[in-house]
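Participant: Test case, fold it:
(one chain, ligands or ions: 1)
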Amino acid sequence: MADQGKLTLFSYWLSSCAYRIRIALNLKGLDYEYNAVDVLKGDQSDPDFERINPMKFVPALVDGDTVIADSFAIALYLEDKYPQNPLLPRDLKKKALNIQIASIVSSGIQPLLNLVVVSYIEQKLGSKEKDAWNIDQTNRVFTALEKLLKDCARKYATGDEIGLGDVFLAPQLYYVIKKLQMDMSNYPTLARLHAAYEEIPAFQAAVPENQPDAPSI
Ligand SMILES: N[C@@H](CCC(=O)N[C@@H](CS)C(=O)NCC(=O)O)C(=O)O
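Facilitator: Residues are numbered from 1 along each chain as shown. Model (predicted):
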C-alpha cells in the first residue's frame, strides 16, 4: 500500500460530486482533511480556489504536491495510488460496467442538475420549471439505469462487491430520494440499492448531514 501523505479534500456538504470522493476515501480507509468551499456563497470563485480548480467546481483533492480536480479523475487516481479495497473489479466486463455507470451519473445526469444550470432555468423560467426540469432529467436517466442494472445488480450495482458504479450512484440516489423526494416506484432496483448503501459505514460517514460544514439542525 502507498504511504499516505496528507490528503486534503475541497468539498461542499451538499455536493454530490464531492460526496462520491468522500465515499471513495472512506472505503479505502484514507484519512483526509476536510476543507469546506461554500458554493452557494460563491467561494468556488475565490482566486485561491481557482488556482486549485480553474473550473471553479468542487471537489478537488490535494495529495502532497499532486492537485486533482474532477471527481472522476480523483476516483481513478485514488484507485491507482491506493489499491486497497479496489473500486474497479479485475473482471473486464464488470469493470467496464462500473465505468459505464459512473460515466452515466457524472456526464449524463449531474451536469444537467448542477447549480449553474438549475439557477439559470429558475432565473429565466421560474421555480416550477426548474423542478420539472430536475424531475424530467432524472426520470430519463433513471429509466435507463434501471434497465441496465436490472440484470447485473446483486447486493450492489454490479455484484456482491462495492464498486465505482456504487460510489457514483449513491450520491445521485440520495439527492433524488432525500432532497427531491421523487417517487421511486418505477425504479425498484435503484431504490433497493439506495437502501443497501444506507447500511454501509463508509457511505454513512459521507452523507451530507455528517459533514463539518452541514448546518446544525
Ligand atoms: N465534472 C465535475 C463536476 C463538478 C461539479 O459540478 N461540482 C458542483 C457540485 S456537485 C459545483 O461545484 N457546483 C458549483 C457551481 O455550479 O458553481 C466533477 O465530477 O468533479
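Participant: Flag every buried residue along stretch 81-90.
Facilitator: Y82, P86, L87, L88, P89 (16 or more other CB atoms under 10 Å). Where C-beta positions appear, they are placed from N, C-alpha and C, glycine not excepted.
Participant: Isn't the first one up against L30?
Facilitator: What that stands for is Y82. Yes - with contact defined as CB atoms under 8 Å, Y82 reaches L30; the gap is 6.1 Å.
Participant: tell me, what's touching these two both at once?
Facilitator: Q4 (CB atoms under 8 Å, 6 or more residues apart in numbering).
Participant: contacting residues around the nearest residue to P208 once chain neighbours are set aside?
Facilitator: Excluding its sequence neighbours, the residue lying closest to P208 (CB to CB, 6 or more residues apart in numbering) is W13, at 4.6 Å. Residues in contact with W13 (CB under 8 Å, 6+ apart) are A36, P208, E209, Q211, P212, D213, A214.
Participant: Go through the buried residues of stretch 81-90 and name the one nearest the ligand.
Facilitator: Set against the ligand, the nearest of those by CB to the nearest ligand atom is L87 (15.1 Å).
Participant: can you pull the pLDDT of the closest one?
Facilitator: Here, the pLDDT recorded for L87 equals 98.
Participant: sec struct for it, please.
Facilitator: coil (DSSP: H, G, I helix; E, B strand; the rest coil).
Participant: separation between it and E146?
Facilitator: For L87, the distance to E146 equals 22 Å [CB to CB, to the nearest Å].
Participant: how is this protein carved up into domains?
Facilitator: Following automatic domain parsing, one gets these domains for the chain: 7-86+203-210, 92-200.
Participant: Can I get these in TSV including distance to the ligand?
Facilitator: Listed next are those as TSV, based on distance: least, CB to the nearest ligand atom, whole Å:
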stretch	distance to the ligand
domain 7-86+203-210	4
domain 92-200	4
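Participant: picking that back up, taking the contacts of W13, tell me the two that lie furthest apart.
Facilitator: Using CB to CB, these reach their maximum pairwise distance at A36 and E209, which is 14.2 Å.
Participant: ok, these two, which is more surrounded?
Facilitator: Legend: neighbour count by other CB atoms under 10 Å for A36 and E209, higher for A36 (17 against 13).
Participant: per-residue pLDDT, that one?
Facilitator: Residue-level confidence at A36 comes out at 98, pLDDT.
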